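In: Compute the structure for the input listed below.
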Amino acid sequence: MSQDVVRLWVYLSASPLLWLFATLAAYVLADVISKRTGRHPLANPILVAMIPLAALLWFTKTPYTTYFEGAQFVHFMLGPATVAIAVPLAAEFKRMRRLAVPILLALVAGSLTAIVSAVGIAWLLGAPHVVLASLAPKSVTTPIAMGIAALVGGLPSLTATMVVVTGILTGIIALPLTRLLRVHDHAAHGFASGLAGHGIGTARAFHDSQVAGTFAGLALALNGLLTAVLVPLVMKLVP
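Out: Okay, here's the model as predicted:
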């Protein structure tokens, strides 16, 4: 029986589609778990899906490069998915125009806070400059964050890890925190989630409501642009 399983695994592992299927299956399972828990923040589908995938890669001793060869289609679809956020943005355009000033003020305050808090805390703890530069763009989507990190002398691989961690933490704590602060406006909650937690925060916001997801997508896009400008300026001030 064990030999049959080994033969089956050898056959399946030769196809890159195995890891695409594994990724999709893990997410579907995680989403079911999330629904059955009432979309509890700790049951974030991305966080839950990572656990069986990581265990499978570890158990089979599969290199990440091998996994990515099969799962890269999901990575490719991040681009179209991000662009598709423009559809709900267009539907809320009139409201966004009315809220232009509060949106811009929140954007600047949130973006600066995300950068300065990460760099400042790490600097106080004695982290080297390369770590500071890697942490600075942690609140924007991965491709932009990695590009910014490389520009200011950081490690793109470390930045990518911190982006994922930041997004997952945002997905877990954003909604409970806004409820604790008695912020009931879906637009405000969504904008904060997208600004702090980029794509993962935006996905979580869409689970809450269409309006929250729309404003999260707006924050995701605007914060990417502003962070690309602010990070090099902030890093010049770091001793």
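In: For Leu42, which residues are in contact?
Out: Ile172 (Cβ atoms under 8 Å, 6 or more residues apart in numbering). All C-beta spots, glycine's among them, are computed from the backbone N, C-alpha and C.
In: now it: how far from His184?
Out: 22 Å (Cβ to Cβ, to the nearest Å).
In: To which secondary structure element type does Lys138 belong?
Out: Secondary structure, DSSP: H, G, I helix; E, B strand; the rest coil: Lys138 is coil.
In: next one: Gly153
Out: Under three-state DSSP, Gly153 comes out as coil.
In: At which residues are the helices of this protein located?
Out: 2-13, 17-36, 45-60, 64-76, 78-84, 86-91, 93-98, 100-124, 129-135, 142-151, 156-180, 186-208, 210-237 (DSSP state H).
In: right, so those: which one is the most enclosed?
Out: Among the helices of the chain, helix 186-208 has the highest mean neighbour count (mean count of other Cβ atoms under 10 Å), at a mean of 25.
In: Mind pulling up the pLDDT for Ala25?
Out: Per-residue pLDDT puts Ala25 at 89.
In: sorry, that was for Leu105
Out: Leu105 is given a pLDDT of 95.
In: now do Leu8
Out: 52.
In: quick one: low-confidence parts of this structure?
Out: For the chain, the stretches with pLDDT under 70 are 1-16.
In: how is it carved up into domains?
Out: 2-76, 88-237 (automatic domain parsing).
In: Please name whichever of those is nearest to Thr82.
Out: Thr82 lies closest to domain 88-237 among the domains of the chain, at 7.2 Å (Cβ to Cβ).
In: Distance check, the nearest residue to Arg95 once chain neighbours are set aside against Leu99.
Out: Ranked by Cβ to Cβ, 6 or more residues apart in numbering and with sequence neighbours excluded, the top spatial neighbour of Arg95 is Ala187, at 7.4 Å. In this structure, Ala187 and Leu99 are 7 Å apart, going by Cβ to Cβ.
In: ok, now Thr170?
Out: Taken as Cβ to Cβ, the span from Thr170 to Leu99 is 21 Å.
In: And Ala145, by the same measure?
Out: On the measure of Cβ to Cβ, Ala145 and Leu99 end up 26 Å apart.
In: Ile148 now?
Out: 27 Å.
In: returning to that earlier point: got TSV for the domains of the chain, with distance to Thr82 too?
Out: Converted to TSV, those look like this (distance: least, Cβ to Cβ, whole Å):
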stretch	distance to Thr82
domain 2-76	12
domain 88-237	7
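In: Now Ser193: closest residue in space that isn't a chain neighbour?
Out: Using Cβ to Cβ, 6+ apart, the closest residue to Ser193 is Gly201 (3.9 Å).
In: What of Asn44?
Out: Gly171 (4.5 Å).
In: mind listing what that neighbour touches?
Out: Neighbours of Gly171 in contact, by Cβ under 8 Å, 6+ apart: Pro41, Asn44, Ile46, Leu47, Ser193, Gly197, Ile200, Gly201, Ala203, Arg204.
In: one more time with 6 Å, if that's ok
Out: When contacts are counted by Cβ atoms under 6 Å, 6 or more residues apart in numbering, Gly171 touches Asn44, Gly197, Ile200, Gly201, Arg204.
In: Over to Pro232?
Out: By Cβ under 6 Å, 6+ apart, the contact list for Pro232 reads Val152.
In: ok, now how distant is it from Ala122?
Out: 17 Å.
In: do Lys94 as well
Out: On the measure of Cβ to Cβ, Lys94 and Ala122 end up 41 Å apart.
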